[in-house]
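>>> Just to be clear, the model below is a prediction. Sequence and coordinates:
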Amino acid sequence: SMQPTTMSSGTKNSPPLPRLHVSTSTVGGATRRVLSTLMALANTTTCAIIGSRTKAKADGVSARRGLRALLVLLAPIPTSASPCSSEPAGLAAVARRQSIVEESTACSLPGVGVKYDTFIPCMWQAVSRGFVKHAHAVFVGEGLRDGFTAGIDVTRLRGHRWFSNYKSAVEGREAVTRATMKRVDAGKTVQIGTWTDQLASALRNSFSASAISPVGAVSKPLEPTELRPTSDHTRTGLNSATDLGFLRHSLNTYHEIAWFLQQDYFMRVSDVDAAFPMLPLHPKVWPFFMFRFFADSASTALTLFMHVCGDFGAAGMPGTFKIFFSDVVCGMARSVQVLTLPLPVYVDDCGLIGECRPEVDAEMEKFHAWAKDVCGVIFKVIKDRLASQNQLMLGFWWDSTTLTRTLEDRKLYQYMEMLGEYSTRPT
């Protein structure tokens, strides 16, 4: 099967060699000699891989053993990206997570469930069979290995831009705290520490530029007691520093459903669980995914948090997830014939369409199991809807017996109320 040209740092079944980001200007001569040995060893291993697959396997093992020994020597060295021992424990936890990415893959982070070892071979098999584009595979492969940048160009971000939260988050404090701590418990967000002048000073010393986003909150229709926290990355300038060229896309899901849902056909609807937070972020963008909020209901002081996985508000996340899931994961599923029926996708909402109800339900359940076992992608049970000829998706009831679609009652009442309010205004 095809292999990405950017992943030549190990054998097919071996993890990539550690990539250290240590500034030699900040260390002494002895350390520079260790770094020289490290780079020479890495170059030797790369040459062996190119020259002989058999020799690469043996040399790769010895190289990794040597690298691990050298990493032990390098571990205590402070760098511009690694907080020193006097800095808060939360920043030290961030540095430890960065080292995990550098020494292994971003999928090795505690909060990432994507199964790198089974995902990558299946993805390149799908490329070789023509079900996944090479450019999309390279993008996803690099993102799962190093973390996704979501199109963010960090060189365009300067200084420290820190903002207070919005009223919607403050008024929904308990729900926002629950959602935040759920991410912390899942490892997708790092709790750095109570916000103090000392912590603010440590941030400036650790990062040349950073952003603390204002937090807002939006309701969840199917979970009325919960709120989804959102980060205003437009306010911090992060979104304006995002290149959407490769990530820009259009959604044609409404027309796809109308086309595939023929007379008396059935549609089964499923929703990917925690779509954007599923994807690991690249460590270089972590300093721009911070926010402050209350860590519990009794606290009077704000706590600083940092996302290490995707959030809601970054301009590049929808396009990043679209390539990951719609273009790559679904293509992989078709490559191994797990998916055979039409599957219109709107971000993380999936509608499987077919002529036979049992066939549609069985194929969607097969897709659920395969996605979990091979990719580490989970679907949300609470939003799952069994195959039906009258199905709710994207705010409409789609009726294949009459070939009509109608607004769901909740949205219809909202629109009528809004139009009634506008009708009484003078302008």
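Structure received. Numbers count the residues shown, from 1 in each chain.
>>> Please enumerate the helices of the stretch 301-427 of the chain.
According to DSSP state H, counting those that start in this stretch, the stretch 301-427 of the chain carries its helices in the segments 317-321, 330-335, 357-370, 409-423.
>>> For the lengthiest strand in the chain, give the mean pLDDT please.
Counting by DSSP state E, the longest strand found in the chain is strand 223-231. Mean per-residue pLDDT for strand 223-231: 87.
>>> Then stretch 135-153?
Stretch 135-153 carries an average pLDDT of 98.
>>> now swap in stretch 192-203 and tell me
When pLDDT is averaged along stretch 192-203, the result is 95.
>>> first to last residue in it, what's the distance?
Distance between the two ends of stretch 192-203: 10 Å, counting by C-alpha to C-alpha, to the nearest Å.
>>> do stretch 272-281 as well
From its first residue to its last, stretch 272-281 covers 19 Å (C-alpha to C-alpha).
>>> How far does it sit from its chain's centre?
For stretch 272-281, the separation from the chain centroid amounts to 4 Å (computed by C-alpha atoms, centre = their mean, to the nearest Å).
>>> Can you pull out the low-pLDDT segments for the stretch 1-150 of the chain?
Within the stretch 1-150 of the chain, the stretches with pLDDT under 70 are 1-88.
>>> burial of residue 411, as a residue count?
Other residues near residue 411 number 12, with proximity taken as other C-beta atoms under 10 Å. Every residue, glycine included, has its C-beta placed from N, CA and C.
>>> which residues touch it?
Contact partners of residue 411, counting by C-beta atoms under 8 Å, 6 or more residues apart in numbering, are residue 395.
>>> From residue 422, how far off is it?
Distance of residue 411 to residue 422, given as C-beta to C-beta, to the nearest Å: 16 Å.
>>> What of residue 309?
For residue 309 relative to residue 422 (C-beta to C-beta), the value is 40 Å.
>>> neighbour-wise, which of these two wins?
Set residue 309 next to residue 422 and count neighbours by other C-beta under 10 Å: residue 309 wins out with 24 against 8.
>>> which non-adjacent residue is nearest that one?
Leaving aside its chain neighbours, residue 309 sits nearest to residue 188 (4.0 Å; criterion: C-beta to C-beta, 6 or more residues apart in numbering).
>>> Quick check: that neighbour touching residue 277?
Yes: with contact defined as C-beta atoms under 8 Å, residue 188 reaches residue 277; the gap is 4.9 Å.
>>> Could you name every residue contacting both of these two?
The contact sets of residue 188 and residue 277 overlap at 111, 309 (C-beta under 8 Å, 6+ apart).
>>> circling back to that earlier point, for the residue nearest to residue 309, report the pLDDT, please.
97.
>>> How about the backbone phi and psi for residue 185?
Dihedral pair for residue 185: phi -60, psi -30, per degrees, to the nearest 10.
>>> And for it, the neighbour number?
Counted with other C-beta under 10 Å, the neighbours of residue 185 add up to 11.
>>> before we move on, what about the one 4 residues further on?
Under the neighbour criterion other C-beta under 10 Å, residue 189 is assigned a count of 25.
>>> For it, which non-adjacent residue is closest in space?
Spatially, and ignoring its direct neighbours in sequence, residue 189 is nearest to residue 183 (4.0 Å; C-beta to C-beta, 6+ apart).
>>> all strands of the stretch 151-300 of the chain, in order?
Using DSSP state E, counting those that start in this stretch, the strands found in the stretch 151-300 of the chain span residues 160-162, 189-194, 210-213, 215-220, 223-231, 266-271, 290-293.
>>> most centrally placed residue in this structure?
residue 279 (1.9 Å; C-alpha atoms, centre = their mean).
>>> circling back: distance to residue 415 for the strands of the stretch 151-300 of the chain - can I get that in CSV?
Conversion of these to CSV gives the following (distance: least, C-beta to C-beta, whole Å):
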stretch, distance to residue 415
strand 160-162, 37
strand 189-194, 35
strand 210-213, 31
strand 215-220, 17
strand 223-231, 20
strand 266-271, 22
strand 290-293, 33
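>>> re the thing from before, what's the local residue count around the residue nearest to residue 309?
25.
>>> circling back to that earlier point, what sits against the residue nearest to residue 189?
Residue 183 is in contact with 111, 189, 277, 307, 309, counting by C-beta under 8 Å, 6+ apart.
>>> Widest-spaced pair of those residues?
Greatest spatial distance in those: 111 and 307, 9.6 Å, computed using C-beta to C-beta.
>>> between these two, what contacts are shared?
Counting by C-beta under 8 Å, 6+ apart, the common neighbours of residue 111 and residue 307 are 183, 188-189.
>>> Which single one of those is nearest to residue 124?
Checking the shared contacts of residue 111 and residue 307 against residue 124 with C-beta to C-beta, the nearest one is residue 188 at 27.0 Å.
>>> residue contacts, the closest one?
Contacts of residue 188 (C-beta under 8 Å, 6+ apart): 111, 274, 277, 307-309.
>>> So which residues of the stretch 101-250 of the chain form helices?
Secondary structure of the stretch 101-250 of the chain, counting by DSSP H, counting those that start in this stretch: helices at 116-128, 134-146, 167-171, 173-186, 197-206, 233-236.
>>> Just the buried positions in the first one, please.
Within helix 116-128, the residues scored as buried using 16 or more other C-beta atoms under 10 Å are 116, 119-120, 122-127.
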